[in-house]
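K.L.:
Need a 3D model of the sequence below.
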Amino acid sequence: MLVIENCRLTWPDFAADYTLTVPAGHLCAVIGPSGGGKTTLLHMIAGFEVPESGTLTFDGQDLLPLEPAKRPAAIVFQDHNLFPHLSAAQNVGLGLRPSLRLSADEKRLVGEMLDAVGLDGFDDRKPGEMSGGQRQRVALARALVSGRPLILLDEPFSSLDPALRRDMILLVDSLRRRRPVTILMTIHTPEDVADVADQMAFVADGRVVSSGKPADILTSALAPRIAAAVSNS
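P.N.:
Prediction:
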């Protein structure tokens, strides 16, 4: 499981102190106001931000000494972060080898992953030839093909229309049930994921204010704060 205990980060205008536990195999939806520290939490887990104190472990392994590339986590950003000059297959292949010198088996794995996210036949298409939803599927495939057991999704579907956003969330849920992965996903529409997530964490002012089952969080005393955070996102 992922265990974060009193991980503190400070800047001149912001301070964060995170404590959160996410069981293995769970999908944890991270909600909260803009600027409240959701993305910082994911960046800290990925290694892009280093806490001044506290502990961060996954499956019993201390992650803090590890560089981002050495951590068991793959991250998908809101803007998908694809290389425009590379094909869909090549962008996914980067999740296996940055050199893109793939073996026959690895190329087959890339094709299988594109098929798994509903992009069979898109191997040679470049990002500019795909819709926003298709580009996010490529980014998701790249994260999953890496084989890393911890997937971090930072508002990956916020630019999509409600129906497509819901489809992508259901796709993530389907894929994680077929593969042994733990997922943290920041999202500003908690209603889209309430029936899918195992866990929901409300993050505000740089802290995990509360964490638990989505139904419990959304009907708790935090409900007015959550409603305000969603309306201001």
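
K.L.:
Torsion angles phi and psi at Val145?
P.N.:
Here the main-chain torsion angles of Val145 (degrees, to the nearest 10) amount to phi -70, psi -20.

K.L.:
what about it, distance to Gly37?
P.N.:
29 Å (Cβ to Cβ, to the nearest Å). Quick note: C-beta positions are derived from backbone N, CA and C, even for glycine.

K.L.:
do His188 as well
P.N.:
With the distance defined as Cβ to Cβ, His188 ends up 14 Å from Gly37.

K.L.:
which residue is nearest the middle of the protein?
P.N.:
Residue closest to the average C-alpha location in the chain (Cα atoms, centre = their mean): Leu153, at 1.6 Å.

K.L.:
That one contacts Val193, doesn't it?
P.N.:
No: in this structure, Leu153 is not within contact of Val193 by Cβ atoms under 8 Å, at 10.5 Å.

K.L.:
hang on, the earlier thing: can you pull up the bridge partners for the residue nearest to the centre of the chain?
P.N.:
For Leu153, the beta-bridge partners are Val76, Met185 (DSSP bridges).

K.L.:
isn't Arg207 right next to Ala16, touching?
P.N.:
Yes: taking contacts as Cβ under 8 Å, Arg207 lies within contact range of Ala16: 7.0 Å.

K.L.:
what touches both of Leu153 and Val193?
P.N.:
Met185 (Cβ atoms under 8 Å, 6 or more residues apart in numbering).

K.L.:
Output the below-cut-off pLDDT ranges for the chain.
P.N.:
Flagging of the chain using pLDDT under 70 yields the residue ranges 80, 232-233.

K.L.:
So what are the sheet partners of whichever helix or strand Met200 is part of and their directions?
P.N.:
Element membership for Met200 (DSSP states H and E) is strand 199-204. Strand 199-204 has these partner strands in its sheet, going by DSSP bridges: strand 27-31 (parallel), strand 207-212 (antiparallel).

K.L.:
Give me the spatial nearest neighbour of Leu56, chain neighbours excluded.
P.N.:
Leu63 (4.8 Å; Cβ to Cβ, 6 or more residues apart in numbering).

K.L.:
Perfect, that will be all.
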